[in-house]
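# Predicted model, plus sequence, below.
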Amino acid sequence: MTVYFKIFFQKFISNQKHYPILTAVASGLYPLLFYITNNYTIANSIGHLKYFLFNFIILPVILFTAIYYIFKFQGLRRYKKYPLPFLNIFFFIFYMTICYYAGIHKKWLLLGIFLAILFSIFLNKYLNKVVVIQFILAIISLLSFAQNNYAISNKWKNLPDDILNINFKKKPNIYFIQPDGYVNFSELKGENYNTDFTDFENYLADNGFTYYYDFRSNYYSTLSSNSATFNMKHHYYNDKPQLSEVLNARNNIVSENAVLSIFKQNGYSTHFISELPYLLLNKTKLGFDTSNFIEDEISYISKGLGKPVDILNPLKKEFFNKSDLSKFFFIEFFNPGHITANKRYSKGKELEKKEWLESLKIANFKLKNLIDFIIEMDASALIIIMADHGGFVGLNSTSQSFEKLDNRDLIYSIFSTKLAIKWPKGTNYKYINELKSNVNLFRIIFSYLSGNQKYLNSMEKDESFMIIKKGAPKGIYKYIDNQGKITFEKR
């Protein structure tokens, strides 16, 4: 078998005959595997697989084959050595550009055309060697994908008690508002942020909000934090430090999770409203009853960023929809966010801080609009404002967080999160001592709604974890312990 393969391989690269199907597959296979390997959390659906196979493999095969045979006609035959080399190089660069930039990039498109022309004219006899190189790249990418072992168990989501069967005695409308990257007031006044938003703090107090100082996230990103929040369990990044994100995170947040199951079991309708379709990118089955985005509005290749849409009008629309059911809203917007993710694009920690503080003003404006409407229209509502992670201010970029840090304020800049709750009137006990981190939020809320304190006996530890890739052996490390103290313990 090896001998036959070697003979075929040598014959293939030594002759100048062109093979349209192999050439077409080679142009799209590596870009396809590159995108899926590097973006598995947003490209792990059957729909994505069909999309990529059709656009990156089947279409090129049809196009390359058709053009190959067209150039066999009399009058075009003398040019037949040019089309396939041009198409292969152009489509390879075109697909790689789309996969890397999540869209068409004009500069690279023009460069692709230029390089494809040069290759087809001067280097067309090397096409088969290029095809072999492209297949080798695809094999390497496939091996990398297999090495990451994306198959995981869902056992981490198993809950230790019978909370899935909980019965609510109180059923107010619940508004869970998540401003991305909003740091706790206690940290805003610290050395890294050194800013005073007393006016907004007073606004919340005047409107009946209880503020929870020193509250923090358990994980560093939107996906990892919300995966734990909506399942009321630690996942420890699936114990996969080679990755940078939680597997199946979007499914765990907007498709199936303990929080949605409990709300539905207790007669709630559930509604997801977001400025951007970031949590919907993998086109997973929606577990919420409604969303302000429909699947057809979401591209198969996207970063989920772009121009934010209005969230107040969709909230008003769902609020005024007549229903006998109590309503749970998950409302997400992306201010203040976090500093630049890539160190290559960082403007330096001082300028990054300045821009974050400007975004914080926008976040406060959006929060006021939402809160004013809810309080005016729904006086008995339970309103929760909780961020997903910190703003990373004090670092040059969020990627720096993968390096081992010793400074307490920098670590808390990653994990510190805002929590403010407007409890319904007459609520006496407000869980000041229990509410310490995101993972336990809904367990405590459900305990309140049921009037049964036994569910507090199974809370997760209020610990925070980070993936470390530099400055210490690669792994998952506990950064903040159950008492809020800095530590550095490998799992």
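Yep, it's here. Residues are numbered from 1 along each chain as shown.

# what's the pLDDT at residue 72?
For residue 72, the pLDDT comes out at 84.

# which SS state does it fall under?
coil (DSSP: H, G, I helix; E, B strand; the rest coil).

# Quick check: buried residues in the host helix or strand of residue 362?
For residue 362, the host element (DSSP states H and E) is helix 349-377. By neighbour count, with 16 or more other CB atoms under 10 Å as the criterion, the buried positions of helix 349-377 are 349, 352-353, 356-357, 359-360, 363-364, 366-367, 370-371, 374. Where you see a C-beta, it was placed from the backbone N, CA and C, and this is true even at glycine.

# The stretch 51-200 of the chain: helices as residue ranges?
Secondary structure of the stretch 51-200 of the chain (DSSP state H, counting those that start in this stretch): helices at 59-70, 83-101, 106-122, 127-148, 185-188, 198-206.

# Check which helices and strands the longest one is in contact with.
Helix 127-148 is packed against helix 2-14, helix 20-38, helix 83-101, with contacts defined by 3 or more CB pairs under 8 Å, 6 or more residues apart in numbering; DSSP states H and E.

# Can you lay out these as TSV showing mean pLDDT?
TSV is the format used below for the helices and strands packed on helix 127-148 (pLDDT from 0 to 100):
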stretch	mean pLDDT
helix 2-14	58
helix 20-38	91
helix 83-101	90
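
# do you know which of those lies nearest residue 266?
Comparison of those against residue 266 by CB to CB identifies helix 20-38 as nearest, at 38.4 Å.

# tilt between the closest one and helix 83-101?
Taking axes from the mean of the first three to the mean of the last three CA atoms, to 10 degrees, helix 20-38 and helix 83-101 form an angle of 10 degrees between their directions.

# quick one: low-confidence parts of the stretch 51-200 of the chain?
Filtered on pLDDT under 70, the stretch 51-200 of the chain yields the residue ranges 148-151.

# Compute the number of surrounding residues for residue 450.
Look at residue 450: counted by other CB atoms under 10 Å, it has 18 neighbours.

# List the contacts of it.
166, 167, 168, 169 (CB atoms under 8 Å, 6 or more residues apart in numbering).

# follow-up on the earlier one: using CSV, lay out the helices and strands packed on helix 127-148 together with mean neighbour count and distance to residue 401.
Shown next, in CSV, are the helices and strands packed on helix 127-148 (neighbours: other CB atoms under 10 Å; distance: least, CB to CB, whole Å):
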stretch, mean neighbour count, distance to residue 401
helix 2-14, 10, 45
helix 20-38, 22, 19
helix 83-101, 21, 23
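
# Pipe those into a markdown table and attach distance to residue 286 per row.
Formatted as a markdown table, the helices and strands packed on helix 127-148 follow (distance: least, CB to CB, whole Å):
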| stretch | distance to residue 286 |
| --- | --- |
| helix 2-14 | 47 |
| helix 20-38 | 22 |
| helix 83-101 | 26 |
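
# Please name whichever of those helices is nearest to residue 399.
Nearest of those (CB to CB): helix 20-38, 14.9 Å.

# tell me the angle the closest one makes with helix 59-70.
160 degrees.

# Could you check how far helix 20-38 is from the centre of its chain?
24 Å (CA atoms, centre = their mean, to the nearest Å).

# repeat for stretch 258-271
23 Å.

# hmm, who's touching that stretch?
Here stretch 258-271 makes contact (CB under 8 Å, 6+ apart) with 157, 159, 163-168, 171, 174, 229-233, 287-291, 318, 323, 325-330, 442, 446, 449.

# List every C-alpha atom in that stretch, with coordinates, as PDB.
The C-alpha coordinates for stretch 258-271 follow below in PDB (Å, rounded to 0.1, in the frame of the first residue of the first chain):
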ATOM      1  CA  ALA A 258     -30.900  24.400  34.300                       C
ATOM      2  CA  VAL A 259     -32.100  28.000  34.700                       C
ATOM      3  CA  LEU A 260     -34.300  27.900  31.600                       C
ATOM      4  CA  SER A 261     -35.700  24.500  32.600                       C
ATOM      5  CA  ILE A 262     -36.700  25.700  36.000                       C
ATOM      6  CA  PHE A 263     -38.300  28.900  34.700                       C
ATOM      7  CA  LYS A 264     -40.400  27.000  32.200                       C
ATOM      8  CA  GLN A 265     -41.400  24.400  34.700                       C
ATOM      9  CA  ASN A 266     -42.700  27.200  36.900                       C
ATOM     10  CA  GLY A 267     -44.800  28.700  34.200                       C
ATOM     11  CA  TYR A 268     -42.600  31.500  32.900                       C
ATOM     12  CA  SER A 269     -42.200  32.500  29.300                       C
ATOM     13  CA  THR A 270     -38.500  33.300  28.500                       C
ATOM     14  CA  HIS A 271     -37.100  36.000  26.300                       C
END
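
# At the geometric centre of the protein, which residue do we find?
residue 223 (5.0 Å; CA atoms, centre = their mean).

# OK, contacts around the closest residue to that residue other than its chain neighbours?
Spatial nearest neighbour of residue 223, chain neighbours left out: residue 249 (3.7 Å); criterion: CB to CB, 6 or more residues apart in numbering. Residues in contact with residue 249 (CB under 8 Å, 6+ apart) are 41, 223, 224, 226, 227.

# which two in the buried residues of helix 349-377 are spaced the farthest apart?
Maximum distance among those (CB to CB): 36.0 Å, for 349 and 374.

# coming back round to it: which among the contacts of stretch 258-271 end up buried?
157, 163, 166, 168, 174, 229-233, 287-291, 318, 326-330, 442, 446, 449.

# for the stretch 251-400 of the chain, what spans make up the strands?
Secondary structure of the stretch 251-400 of the chain (DSSP state E, counting those that start in this stretch): strands at 268-274, 290-291, 326-333, 382-386.

# Please compute how far the shortest one lies from its chain's middle.
Think strand 290-291. Taking mean C-alpha positions (CA atoms, centre = their mean), strand 290-291 and its chain are 19 Å apart.

# Please identify the pairing partners of it and their relative orientation?
Sheet pairing of strand 290-291 (DSSP bridges) gives strand 268-274 (parallel).

# Nearest residue to residue 212 in space, please, no chain neighbours.
Per CB to CB, 6+ apart, closest to residue 212 is residue 419, 4.2 Å.

# now the one you found: how far from residue 384?
Going from residue 419 to residue 384 by CB to CB, to the nearest Å gives 8 Å.

# for the record, mean pLDDT for stretch 360-370?
pLDDT averaged over stretch 360-370 gives 97.

# next helix or strand past the helix or strand harbouring residue 445?
Assigned by DSSP H and E, residue 445 belongs to helix 441-450. As assigned by DSSP H and E, the chain's next helix or strand after helix 441-450 is strand 464-468.

# what distance separates that next one from the centre of its chain?
17 Å.

# Please shift the residue numbers so they start at 163 in all later answers.
All right, first residue 163 from here; so that's strand 626-630.

# I'm done for today, thanks for sticking with me.
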